[in-house]
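[1] This is a predicted model, with the sequence first.
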Amino acid sequence: MASLSINAIMVETFFQHLESLNHFIWGHIAFVLIVGLGAYFSVRSRFFQVVRFPAIFASFIGFFKEQSKTPTTRGIHPLKAFFAAIGGCIGIGNIVGICTAVQLGGPGALFWTWVGGIAGMLIQYAEVYLGMRYRIKNSQGSYDGGPMYFLPVAYKNLWIAPVVCALLCLYGVEIFMFNVMADSISVNWDLNLYWVVFLLLAAVLFVALGGINRVGEVCSAIIPLFIFFYLIMGFWVLFQHRGELLGAIQMILEGAFHPQAAIGGFAGATVMLTISMGLSRGAYSGDIGVGYTSVIHAESNTTHIKRQSALTIIAVFLDTFVICTLTIFLVLVTGLWKSGIDVSLMVQEVLGLHFPLMHLFMPFFLFLLGYTTILAYFVVGVKCAKFISPKWGPIIYYLYASIALPLFAFVDATQAFLIMSLSGAFLLIINLLGIFLLRKEVDFGLD
């Protein structure tokens, strides 16, 4: 018993050190990289993401009209790539992860999520632009692209490619989402956790074998449905609490520069923690700077690189300024952000105040969201594993996923999130420095 207690203390201490490292990276290094590079691209492009947003949205709608045209023989339709990529953005991070930011960093964390979103729109544009510019044809009738192809050019060294691929393999096994999904379904539906984990793992592996094309089909069916229902329910709740909206906005603006955490006491919170929470959760939710988005978009069959890259601005807008913002306003106007309840149940409790049977509906909701995210990450991980070793890489990756996903389903969700956040932070540093080195090659536009 004493030995178990000592081991538990050692594990807890280890994760506390990782948490401190995570806050330092996101609060200092990532902050400078995201805001600095985003500001540079914004000024250079004359705020392309804002000024040209109507034209970008019109271009996005135009892709729907072009679906009936005969596709090229190589690659997948641009919208399939878009929905596969956005499947990794819009997910449990928008419902659960972002609530953690406010619970730990206070309402002001949303302000820094907005800052990261504005900057991240052009950073992600640059990612996809470079990923498509340096992509190559593969033997499967599609393309291979992403940071492992443009970063060796940026750093003038080939060693960076396998390092990034290894980190993307780690990031590609989405242990946090899997943890939340398994726990939510098991608790709310009163099912055996072991069976839930087994069936979820089987469902992930089955669809992932179909590659990005199949993942794009699944995501294009699920994501629009989620956005529609979540917006309807969310705006109804906000309407019912419209008297608290002004107070919520005031908390966000004041909290951005003053400590205001819900957990651990206000005295223990710092502005740097608020920035760290807002940026890390926002970047994690929107996959800003991670590099996985460029791997997926590189498979698009379009030859209009700038037009495909501009789709990422729509994705970040939906992720950050619509879904994440709505989530935070829901927990602020109802006061549940400081209730101390588990973040995985926070939005469920909010919606349950106005809609019946949320304990049955929300697990299904989270399953759909988590499923699309896990699939999107997973297929990118497979491609990265194949880049490292065409023969053994995918086999080792599937084996690792089959062990890691079930294993982390039985630990604290915050520990699983910490692993994802740190791997994402290291990817962000490597990718953003590389994008900065290639910044003059990025051309903003829609033609």
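    Ah, there it is.
[2] how about the helices in the stretch 251-400 of the chain?
    Here the stretch 251-400 of the chain has its helices, by DSSP state H, counting those that start in this stretch, at 271-286, 292-297, 305-316, 325-333, 343-352, 358-388, 393-408.
[3] which of the residues in the longest one are buried?
    Residues 358, 361-363, 365-388 are the ones in helix 358-388 that count as buried (16 or more other Cβ atoms under 10 Å). Where you see a C-beta, it was placed from the backbone N, CA and C, and this is true even at glycine.
[4] dump the residue contacts of the nearest residue to residue 367 once chain neighbours are set aside.
    Spatial nearest neighbour of residue 367, excluding adjacent residues (Cβ to Cβ, 6 or more residues apart in numbering): residue 181 at 5.5 Å. By Cβ atoms under 8 Å, 6 or more residues apart in numbering, residue 181 lies in contact with 92, 200, 366, 367, 370, 371, 374.
[5] one more time with 7 Å, if that's ok
    When contacts are counted by Cβ atoms under 7 Å, 6 or more residues apart in numbering, residue 181 touches 200, 366, 367, 370.
[6] tell me the angle the helix or strand containing it makes with helix 343-352.
    Taking DSSP states H and E as the definition, residue 181 sits inside helix 175-188. Calculated by axes from the mean of the first three to the mean of the last three Cα atoms, to 10 degrees, helix 175-188 forms an angle of 50 degrees with helix 343-352.
[7] returning to that earlier point: include distance to residue 238 and mean pLDDT when you put the helices of the stretch 251-400 of the chain into JSON lines, please.
    Listed next are the helices of the stretch 251-400 of the chain as JSON lines, based on distance: least, Cβ to Cβ, whole Å; pLDDT from 0 to 100:
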{"stretch": "helix 271-286", "distance to residue 238": "20", "mean pLDDT": "73"}
{"stretch": "helix 292-297", "distance to residue 238": "30", "mean pLDDT": "90"}
{"stretch": "helix 305-316", "distance to residue 238": "22", "mean pLDDT": "93"}
{"stretch": "helix 325-333", "distance to residue 238": "6", "mean pLDDT": "91"}
{"stretch": "helix 343-352", "distance to residue 238": "10", "mean pLDDT": "82"}
{"stretch": "helix 358-388", "distance to residue 238": "17", "mean pLDDT": "83"}
{"stretch": "helix 393-408", "distance to residue 238": "34", "mean pLDDT": "91"}
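[8] how near is residue 404 to residue 201?
    10 Å (Cβ to Cβ, to the nearest Å).
[9] If you could redo that for residue 52, that was the one I meant.
    Relative to residue 201, and taking Cβ to Cβ, residue 52 is found at 43 Å.
[10] and if you look at residue 437?
    39 Å.
[11] Which one of these two is surrounded by more residues?
    More neighbours sit around residue 201 than around the other of residue 437 and residue 201, counting by other Cβ atoms under 10 Å; the figures are 18 against 15.
[12] Report how many residues lie close to the closest residue to that one other than its chain neighbours.
    Excluding the flanking residues, the one nearest residue 201 by Cβ to Cβ, 6+ apart is residue 405, at 5.6 Å. A count of nearby residues for residue 405, using other Cβ under 10 Å, gives 24.
[13] If I follow the layout properly, residue 405 ends up in contact with residue 173?
    Yes: if you go by Cβ atoms under 7 Å, residue 405 and residue 173 touch, sitting 6.3 Å apart.
[14] Can you get me a residue count around residue 146?
    Neighbour number of residue 146 under other Cβ under 10 Å is 33.
[15] again with residue 313
    Residue 313 has 23 nearby residues by other Cβ under 10 Å.
[16] dump the residue contacts of it.
    49, 56, 121, 125.
[17] again, but for residue 227
    residue 318.
[18] hmm, 10 Å instead?
    The contact partners of residue 227, by Cβ atoms under 10 Å, 6 or more residues apart in numbering, come to 86, 90, 318, 322, 323.
[19] The first one against residue 292, yeah?
    No: counting by Cβ atoms under 10 Å, residue 86 sits too far from residue 292 to count as a contact (11.7 Å).
[20] Looking at the two, which one has more neighbours?
    residue 86 (30 against 27).
[21] Give me the spatial nearest neighbour of that one, chain neighbours excluded.
    Counting by Cβ to Cβ, 6+ apart, the residue nearest residue 86 is residue 315, at 4.7 Å.
[22] wait, that neighbour sits on residue 57?
    No: counting by Cβ under 10 Å, residue 315 does not reach residue 57; the two are 11.9 Å apart.
[23] Give me the more crowded residue out of those two.
    Shown here are residue 315 and residue 57; by other Cβ under 10 Å, residue 315 has more neighbours (25 against 14).
[24] And the pLDDT for residue 298?
    Note for residue 298: predicted pLDDT of 92.
[25] OK, contacts around it?
    75, 81, 128, 130-136, 142-146, 149-150, 212, 305, 308, 383.
[26] Determine the number of other residues adjacent to residue 47.
    There are 15 residues near residue 47, going by other Cβ under 10 Å.
[27] can you pull the contacts of it?
    41, 53, 118, 121, 122.
[28] one more time with 7 Å, if that's ok
    With Cβ under 7 Å, 6+ apart, residue 47 has no contacts at all.
[29] State the distance from it to residue 357.
    In terms of Cβ to Cβ, residue 47 sits 44 Å off from residue 357.
[30] what's the answer for residue 428, then?
    39 Å.
[31] what's the nearest residue to residue 362 if we skip its chain neighbours?
    Per Cβ to Cβ, 6+ apart, closest to residue 362 is residue 348, 4.1 Å.
[32] Tell me how many other residues surround that neighbour.
    Residue 348: 21 neighbours (other Cβ under 10 Å).
[33] Wait, it touches residue 361, no?
    No: counting by Cβ under 7 Å, residue 348 does not reach residue 361; the two are 8.6 Å apart.
[34] Against residue 420, how distant is the spatially most central residue of the chain?
    Residue closest to the mean C-alpha point of the chain, counted by Cα atoms, centre = their mean, is residue 285 at 3.0 Å. Distance, residue 285 to residue 420, by Cβ to Cβ: 11 Å.
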